[in-house]
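A.B. asks: I'll drop the sequence and a predicted model, then ask my questions.
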Amino acid sequence: MEDILLKLKKINKNDYYALLIIAILFSLMLYISWLKWLHPIIDCGREVYIPWLITKGDILYKDIAFYYGPFAVYFIALLFKLFGASLTISYITGILVNIILCGTIYFLARQLLSPLESALMIAIYFQIGPFAPNLGSYEGFIFPYSFATLFATLFILLQIALIIGYLKHNNPFKLLYLSAIFSALTITCKQEYALSSLLISIAITIYLVKTNQSTKNIIYYWL
């Protein structure tokens with residue numbers, strides 16, 4: 001059991017087959033659900049309207065009431081500034097983030113499961129994540145109720161994935177530092193995710209102390 005937990009799984013031929021199945025299923029679900037996501041006016045207009053206001057010069061928390069962290073709305077606002085404000089930009093953002101999210105979940109699943117089992121986990125995630133069905137529509141993560149939730153989910157899973165990489169790669173601290181960056185990004189998204197991310201950081205710090213790691217490295221991790 002210890003060998004399983006400490007050895008990072010290598011990609012093999014079955015992983016390519018599994019990832020191909022996931023890609024086909026994702027494309028099929030994207031086609032079936034196309035433009036059947038949450039309504040931009042009734043459900044989640046805030047996710048487009050607030051970034052658009054920011055591009056016009058409004059300041060979050062001063063001119064705009066908002067309950068989550070600033071990352072998601074400012075990121076979408078930056079995309080609006082670069083490519084123009086449109087629902088298409090929001091849709092593309094949701095699709096790309098979900099692709100990265102699926103890859104991260106697959107990596108995490110593969111640490112304990114076979115390629116087929118990991119692909120099955122992604123298929124289940126499709127039904128509760130990006131393509132969650134609801135009365136003929138799909139209120140999932142493609143055009144989410146909250147981009148802050150989508151980004152926070154991605155960042156905290158990337159934090160965990162990088163910590164696993166650190167633990168299984170004979171202490172390459174650069175992975176741990178990257179995990180700290182994603183922890184900080186999580187904190188800028190949603191409060192409840194921030195608490196979870198902070199607890200993960202505390203847990204890895206306790207591990208570093210118990211394994212007699214350099215105090216300098218521990219301080220750098222928190223900085």
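C.D. replies: Ah, there it is. Residues are numbered from 1 along each chain as shown.
A.B. asks: Tell me which helix or strand the spatially most central residue of the chain sits in.
C.D. replies: With distances taken as Cα atoms, centre = their mean, the residue of the chain nearest its centroid is residue 154 (0.8 Å). Using DSSP states H and E, residue 154 sits in helix 147-168.
A.B. asks: The helix or strand of the chain with the lowest mean pLDDT: what's the following helix or strand?
C.D. replies: Least confident helix or strand of the chain, by mean pLDDT, DSSP states H and E, is helix 2-6 with a mean of 45. Counting by DSSP H and E, the next helix or strand C-terminal to helix 2-6 is helix 13-33.
A.B. asks: now the strands: where do they sit in the chain?
C.D. replies: All strands of the chain, identified by DSSP state E, fall at 133-134, 137-138.
A.B. asks: about what we covered before: could you check how many residues crowd around the nearest residue to the residue nearest to the centre of the chain once chain neighbours are set aside?
C.D. replies: What sits nearest to residue 154 in space, not counting adjacent residues and going by Cβ to Cβ, 6 or more residues apart in numbering, is residue 101, at 5.0 Å. Every residue, glycine included, has its C-beta placed from N, CA and C. Close neighbours of residue 101, defined as other Cβ atoms under 10 Å, add up to 21.
A.B. asks: Quick check: the gap between residue 101 and residue 115.
C.D. replies: 18 Å (Cβ to Cβ, to the nearest Å).
A.B. asks: What mean pLDDT does the longest helix seen in the chain get?
C.D. replies: Ranked by residue count under DSSP state H, the longest helix found in the chain is helix 87-110. Across helix 87-110, pLDDT averages out at 93.
A.B. asks: so what secondary structure elements neighbour it?
C.D. replies: helix 13-33, helix 46-55, helix 71-83, helix 115-128, helix 147-168 (3 or more Cβ pairs under 8 Å, 6 or more residues apart in numbering; DSSP states H and E).
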